[in-house]
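Q: Any chance you could fold what I've pasted below:
(one chain, ligands or ions: 1)
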Amino acid sequence: MNVTHLECALCNLRHEANTLQNLCRDCGKPLLVRYDLEKAAASLTLDSLQTRESSLWRYREVLPVVDGENIVSLGVGWTSFFKTDRLAATLPIKLDLYIKDEGQNPTQSFKARGMTAAISMAKELGVTKLAVPSAGNAAGAMAAYAALAGMEANIFMPADTPRANTIECQQTGANVTLVDGLITDCGKIVAERKDAEGWFDVSTLKEPYRVEGKKTMGYELFEHFSQFQNQKSKIQNLPDVIIYPTGGGTGLIGMWKAFDEMEQMGWIGSTRPRMVTVQSETCAPIVRAFERGERFADEFENASTVASGLRVPKAIGDFLILDAIRASGGTAISVTDEELVAAVAEIGALTGIFTAPEGAACLPALRKMIERNDVREGESVVMFNTGSGVKYLEAFA
Ligand SMILES: *Cc1c(COP(=O)(O)O)cnc(C)c1O
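A: Residues are numbered from 1 along each chain as shown. Below you'll find the model as predicted:
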C-alpha cells in the first residue's frame, strides 16, 4: 500500500487518505491521490508486468485499494490497441494512426475504469449507499459495480439520455431517476439530498478515486505502444499526439497524472504527448476557454449533443484539463454533431470497430488538426474510442 495522502489539485492542501472525502475542505476543488512512488517503483517494474493479470488492477502499486479483498472488478481495462492503416490512408498526410478501444470494457465504456476504483474504495471505507449524476455511461458502470459489491445505487440522469443507459441501470438493480435537465441539474439533486439519505456522491472528480481508475489508460498506452512493432514517435514509448473526447475530462487528467508518476518512477523522460481535447460545437466549454486563454471554463449555455458523454456544460476539473493541454503543447477542437455521427460509419467501415459518437469525434478533429498544421507528416497519433456504438442506437435512426 503506497498511498501517502490526498492533495487538493488547486491549493495543494493535504488531506488524510484513509477516510471518505469528496472535495477540498478549503477551496472546494478536486482531491488527487498521492503515492510513495519510490516504493511503488521497487515492485512495479516493467519486468514484473509481463506476468500480471490482464486488467487495470495489474497496476496495484499505483492504485488506492489496501486490501485486495475489496477490489470489485468484472475484468476491466487492458483493452485492445490497434494500428489503423486503412483509416490512416484516407488522411491527406501520412500518419501512424492508432485506436485504443475502450468499448471493450465492462458496460461498454471506459467509465468502468473509474468506477472499479471508486466502488472498490467505497467498499474499503464502509460505504453502503452510492449516488451519481450521469450523462449515461457512468451510471451503467456504477450500477454494475454497485450490484457486484452489494451496495445501493441511486442514479440521476437527464430524461433524454440514450435508452441503453437507463435500461441497463434498471436491469442491474439501480434506483433510476430521470431528470428534466442536464447532468449539472442532476448533480444539484445529488448534492441536496446526499446528507439526509446517507449517500456517498461518486460524481467524477468530486471523489478522489475515479480519476485513479481512468489514469490506467496512460499506463496501458505506454505498455502497448512500446511493444508495438515499428512504432515511431519523437517521445520514447509514447505517441506524439493523444486525441481525447472530453466531457468532465477525467481520462485526460488521469493520463496526465499517470505520465507524471511514470516519470517519477523512471519509466519515461520529461517529454509528453500533445494532449488534444475534442468536444461537440454545441457543448464546447473547454474549447472556448482554451481559445480565450482562460484557466477556468464558464458554464456552456444550452448544451446539447448526441455524444451524451460530452454533454458536460461545466467541468469541476476544467483547470486541470486546460493546464494539461497547454503544458503539453496540445490543443482543443470542436466538431459538429453531423461530423461526429458521420465518422462512426467511416471508422466502422475501415476498422471494424463500432465506436461511440464521442470516440468517433476524434476523426474529424484529427482532420482539422491536419488542416491547421497541428500535426505533421510521420507523427504517431492515438485516438481514444471511449465507448461502444451499441449504446447509442437512437443516434443512428
Ligand atoms: C464520459 C464519457 C466521455 C467523457 O469522458 P471524461 O473523461 O469525463 O471527459 C467520453 N466518451 C464517452 C463514451 C463517455 O461515456
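Q: quick one: what helix or strand has the nearest residue to L63 once chain neighbours are set aside in it?
A: Closest residue to L63 apart from its sequence neighbours, by Cβ to Cβ, 6 or more residues apart in numbering: E212 at 5.9 Å. C-beta coordinates here come from the backbone N, C-alpha and C atoms, glycine included. Assessed by DSSP states H and E, E212 sits inside helix 210-227.
Q: Over to C186?
A: Per DSSP H and E: helix 183-197 holds C186.
Q: For T184, which residues are in contact?
A: T184 sits next to P133, E299, V312, P313, K314 when contact means Cβ atoms under 8 Å, 6 or more residues apart in numbering.
Q: Kindly apply the preceding question to E379 instead.
A: Contacts for E379 (Cβ under 8 Å, 6+ apart) come out as L95, D96, S233, K234, D240, V241.
Q: about what we covered before: quick check: next helix or strand after the helix holding C186?
A: Going down the chain from helix 183-197, the next helix or strand is strand 200-201, by DSSP H and E.
Q: List the strands paired with that following strand, with their directions.
A: Here strand 200-201 has these sheet partners by DSSP bridges: strand 129-133 (parallel).
Q: The partner strand to helix 210-227, inter-axis angle?
A: Going by axes from the mean of the first three to the mean of the last three Cα atoms, to 10 degrees, strand 129-133 is angled at 70 degrees with respect to helix 210-227.
Q: now the following helix or strand past strand 129-133 against helix 183-197, angle please.
A: Using DSSP H and E, the helix or strand that follows strand 129-133 towards the C-terminus is helix 137-149. The directions of helix 137-149 and helix 183-197 differ by 30 degrees, with the same axes, to 10 degrees as the criterion.
Q: Tell me the strands beside the next helix or strand after helix 137-149, with direction?
A: Next along the chain after helix 137-149, taking DSSP H and E as the criterion, comes strand 152-158. Applying DSSP bridges, strand 152-158 is found paired with strand 129-133 (parallel), strand 175-179 (parallel).
Q: So what's the gap between stretch 94-112 and the chain middle?
A: Relative to the chain's own centre, stretch 94-112 is displaced by 11 Å; criterion: Cα atoms, centre = their mean, to the nearest Å.
Q: quick one: that stretch near the ligand?
A: Yes - contact of stretch 94-112 with the ligand (Cβ under 6 Å from any ligand atom) involves S109, K111.
Q: residues of that stretch that come out buried?
A: Across stretch 94-112, burial judged by 16 or more other Cβ atoms under 10 Å covers 95-112.
Q: And that stretch, end to end?
A: Start-to-end span of stretch 94-112 (Cα to Cα, to the nearest Å) is 34 Å.
Q: and that stretch, average pLDDT?
A: Mean per-residue pLDDT for stretch 94-112: 98.
Q: How about the secondary structure of the residue most central in space within the chain?
A: By Cα atoms, centre = their mean, the chain has its centre lying nearest to G251, at 2.6 Å. Under the three-state scheme (DSSP: H, G, I helix; E, B strand; the rest coil), G251 adopts helix.
Q: ok, for it, nearest residue in space, not its chain neighbours?
A: K214 (4.6 Å).
Q: Does that neighbour touch G114 like I think?
A: Yes - in this structure K214 lies within contact range of G114 using Cβ atoms under 8 Å: 4.8 Å.
Q: Between those two, which contacts overlap?
A: Here K214 and G114 have T250 as joint contacts, going by Cβ under 8 Å, 6+ apart.
Q: I'd like the average pLDDT over the helix holding E212.
A: The average pLDDT within helix 210-227 is 96.
Q: circling back to that earlier point, ok, now which ones touch the residue nearest to G251?
A: Contact partners of K214, counting by Cβ under 8 Å, 6+ apart, are F110, R113, G114, T250, G251, I253, G254, M255.
Q: Roughly how far does it sit from L87?
A: From K214 across to L87, the span is 25 Å (Cβ to Cβ, to the nearest Å).
Q: ok, back up a step: in the helix holding C186, what's buried?
A: Neighbour counts over helix 183-197 (16+ other Cβ under 10 Å) mark I183, T184, C186, G187, I189, V190, K194 as buried.
Q: Quick one: mean pLDDT for it?
A: 94.
Q: is any part of it close to the ligand?
A: No - in terms of Cβ under 6 Å from any ligand atom, no part of helix 183-197 sits within range of the ligand; the closest distance is 9.7 Å.
Q: Off-centre distance for that helix?
A: That offset, for helix 183-197, works out to 22 Å (Cα atoms, centre = their mean).
Q: hang on, the earlier thing: kindly provide the distance from the residue nearest to G251 to the ligand.
A: Plainly put, K214 is 6 Å away from the ligand if you go by Cβ to the nearest ligand atom, to the nearest Å.
Q: again, but for N237
A: For N237, the distance to the ligand - Cβ to the nearest ligand atom - is 23 Å.
Q: likewise M217?
A: Noted for M217: a distance of 9 Å to the ligand, by Cβ to the nearest ligand atom.
Q: what's the closest non-adjacent residue to the closest residue to the ligand within the stretch 201-350 of the chain?
A: Across the stretch 201-350 of the chain, the shortest distance to the ligand (Cβ to the nearest ligand atom) belongs to G309, at 2.6 Å. Leaving out its chain neighbours, the residue that sits closest to G309 by Cβ to Cβ, 6+ apart is E358, at 4.6 Å.
Q: can I assume that neighbour sits in a helix?
A: Yes - with three-state DSSP as the criterion, E358 is assigned to a helix.
Q: so L320 makes contact with G249?
A: Yes - taking Cβ under 8 Å as the definition, L320 is a contact partner of G249 at 6.7 Å.
Q: which one of these two has more residues nearby?
A: Counted by other Cβ atoms under 10 Å, L320 and G249 do not tie: G249 has more neighbours, with 28 against 25.
Q: Skipping its backbone neighbours, what lies nearest that one in space?
A: Distances taken as Cβ to Cβ, 6+ apart put I321 closest to G249, at 3.8 Å, once the chain neighbours are dropped.
Q: Thanks a lot, catch you later.
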